[in-house]
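>>> mind folding the following:
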Amino acid sequence: MKEKLKQFCRSLGLDLVGIAPPGPYHELAAILYDRMAKGQSTAFDEPDIAKRIDPRHTMPDVQSVIVCLFPYYTGEQRPTNLAKYTHGLDYHHIIRRKLDEIGHYLQANILDFAYQPFVDTGPLVDRYLAYLAGLGFYGINSHIITEKYGSYVFIGYLLTNYPFAPDQPLNRTCIQCGQCVRMCPGQIILGNFAIDPRGCRSYLTQKKGELSPAEISIIRKTSLVFGCDVCQDVCPHNQGVNLTPLAEFKDQLLPWLDENEVAALSNKEFTRRYGDRAFSWRGKKILLRNFAYTQGQQCR
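Numbers count the residues shown, from 1 in each chain. Have a look, this model is predicted:
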């Protein structure tokens, strides 16, 4: 059944699919507790570590985790003031739809099959699941890197009640050249495969509320008004990678936002025009704030 699953996924354009064990992932707990003790977390992180290391807190009868990677790299778009992952249509909707297609296929082929799909919404550490499923290896910037697509991939997964045999993690890491450490705008990459996400430029462009002068200075270091690509763009593993085969991420590209156009839209008009884009979820107010912070920066 596992090979049939992967064949079906390939028919959806997904060539990086693996199986992670159902946990619990006790080896991950010590890392997460250490980061929590150091305050190295954000409002986006699940505060209950038990939920982050044990899928049974989410699905009591889980027996395996199907992990899928969704490449999104479309080449270098110029000019751009948005992170690459937002250039295509909102990945949340696309990935959820494809995960449901996989789930429905398995329900039609496995008696009493049940699943729960997740993309950025579950408590588990999705990058760790991708690692356990043998789909990529860790970079010191904490991204999962694949041979074919580099780190320009989204991660989606399904908790299932079927005992698919797990795949094996890759026995390697990035080359640890230190380029991402040196170039990171917030200097948050600690060099030991850990980061302090509180100063991550991508996080700060999405953070609500008043920012500190130090946080503003980090945003001002590049011209992107949403997200950040620096640690990925300078990574040697991302040079010469394959473009995405997924039409949803390579059609209807929008690499550039016009400040005056955004400012002229009402909130409803903004949602109508950009609601199918990943950068829209924080609304126009945050984007206009970031435009103000990045004024004078040369667009890439």
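
>>> which residue sits farthest out from the middle of the protein?
Using C-alpha atoms, centre = their mean, the residue of the chain lying farthest from its centre is residue 111. It sits 32.3 Å away.

>>> could you pull out the strands for the protein?
17-20, 64-71, 115-118, 137-138, 144-145, 153-160 (DSSP state E).

>>> okay if I get those strands as a markdown table plus distance to residue 275?
Glycine gets a C-beta too; all of them are placed from N, C-alpha and C. Formatted as a markdown table, the strands of the chain follow (distance: least, C-beta to C-beta, whole Å):
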| stretch | distance to residue 275 |
| --- | --- |
| strand 17-20 | 29 |
| strand 64-71 | 20 |
| strand 115-118 | 21 |
| strand 137-138 | 34 |
| strand 144-145 | 28 |
| strand 153-160 | 19 |
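
>>> got CSV for those, with mean pLDDT and distance to residue 243 too?
Formatted as CSV, these follow (pLDDT from 0 to 100; distance: least, C-beta to C-beta, whole Å):
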stretch, mean pLDDT, distance to residue 243
strand 17-20, 99, 19
strand 64-71, 99, 8
strand 115-118, 98, 26
strand 137-138, 98, 21
strand 144-145, 98, 17
strand 153-160, 99, 12
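
>>> give me the distance between residue 114 and residue 134.
24 Å (C-beta to C-beta, to the nearest Å).

>>> one step back: who's in contact with the residue farthest from the centre of the chain?
Not one residue lies near residue 111 by C-beta atoms under 8 Å, 6 or more residues apart in numbering.

>>> count the residues that sit near residue 189.
Residues lying near residue 189 (other C-beta atoms under 10 Å) number 24.

>>> any idea how far it lies from residue 20?
For residue 189, the distance to residue 20 - C-beta to C-beta - is 25 Å.

>>> what is the mean pLDDT for stretch 92-105?
In this model, stretch 92-105 has an average pLDDT of 98.

>>> again with stretch 279-294
The model assigns stretch 279-294 a mean pLDDT of 95.

>>> can you give me the helices in the stretch 201-300 of the chain?
201-204, 213-219, 230-233, 247-250, 259-264, 267-274, 284-294 (DSSP state H, counting those that start in this stretch).

>>> any chance of those helices in JSON lines, plus distance to residue 60?
Shown next, in JSON lines, are those (distance: least, C-beta to C-beta, whole Å):
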{"stretch": "helix 201-204", "distance to residue 60": "32"}
{"stretch": "helix 213-219", "distance to residue 60": "40"}
{"stretch": "helix 230-233", "distance to residue 60": "37"}
{"stretch": "helix 247-250", "distance to residue 60": "33"}
{"stretch": "helix 259-264", "distance to residue 60": "45"}
{"stretch": "helix 267-274", "distance to residue 60": "37"}
{"stretch": "helix 284-294", "distance to residue 60": "38"}
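
>>> right, I'll leave it there.
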